[in-house]
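Q: With the input below, show me the fold.
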Amino acid sequence: MAKTRIALPGSAKVAVAGAKAAGAADPSEQIEVTVRVRGRNPKGASDEQVMKLGAMPPGKRPILDRNEFAAKYGADQVDLDRVAAFAHEHGFAVTHASAGQKMLRLRGTVASFNEAFGVKLKTYKKARALT
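A: Numbers count the residues shown, from 1 in each chain. Purely as a prediction, here's the structure:
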């Protein structure tokens, strides 16, 4: 059964100006990528909340510790678990995961990333400017 892939808006990358594709990336090379995960509150604070906090003296504003921030604004553990399951299914190691940072780092081979994400990673060379 073919897997359906959905392109995420804004996820397509273009080469740096002046860079030229030098060929396919070495399939056995180990690479690490960061996967960003949506937060629990994607809209953030409302304008009214921001104005209310802004009117308070800094010393009177509520301060969230890391755990409180992660619980309120971080990634949902279900989303982190889904990405981790996908990673393990494709042979990646999860080297770091953080609800507060809303991200996971995955390590694996170029070949594994090509297969899992339906891409063809390449290496690029950029001409050096003469000074």
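Q: In this protein, where is pLDDT below threshold?
A: Scanning the chain for pLDDT under 70 picks out 1-2, 42-45, 129-131.
Q: if we go to 50?
A: 1 (pLDDT under 50).
Q: Who are the packing partners of the lengthiest helix in the chain?
A: For the chain, the longest helix by residue count, based on DSSP state H, is helix 77-89. Helices and strands touching helix 77-89, as assessed by 3 or more CB pairs under 8 Å, 6 or more residues apart in numbering; DSSP states H and E, comprise strand 93-98, strand 103-109. Just so you know, the C-beta spots here come from the backbone N, C-alpha and C atoms, and that holds for glycine as well.
Q: got the contact list for it?
A: 35, 37-38, 93-94, 97, 99, 104, 106, 108, 116 (CB atoms under 8 Å, 6 or more residues apart in numbering).
Q: Would you format the residues you listed as a markdown table with distance to residue 87 included?
A: What follows is these, written out as a markdown table (distance: CB to CB, whole Å):
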| residue | distance to residue 87 |
| --- | --- |
| 35 | 8 |
| 37 | 12 |
| 38 | 17 |
| 93 | 8 |
| 94 | 5 |
| 97 | 10 |
| 99 | 16 |
| 104 | 7 |
| 106 | 5 |
| 108 | 8 |
| 116 | 8 |
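Q: about what we covered before: so which of the helices and strands packed on helix 77-89 gets nearest residue 65?
A: strand 93-98 (14.6 Å; CB to CB).
Q: Put together TSV for the helices and strands packed on helix 77-89, with distance to residue 27 and mean neighbour count on each row.
A: As requested, the helices and strands packed on helix 77-89 are arranged in TSV below (distance: least, CB to CB, whole Å; neighbours: other CB atoms under 10 Å):
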stretch	distance to residue 27	mean neighbour count
strand 93-98	17	14
strand 103-109	6	19
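Q: Would you convert the ones you listed into CSV that also reports distance to residue 7?
A: What follows is the helices and strands packed on helix 77-89, written out as CSV (distance: least, CB to CB, whole Å):
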stretch, distance to residue 7
strand 93-98, 24
strand 103-109, 19
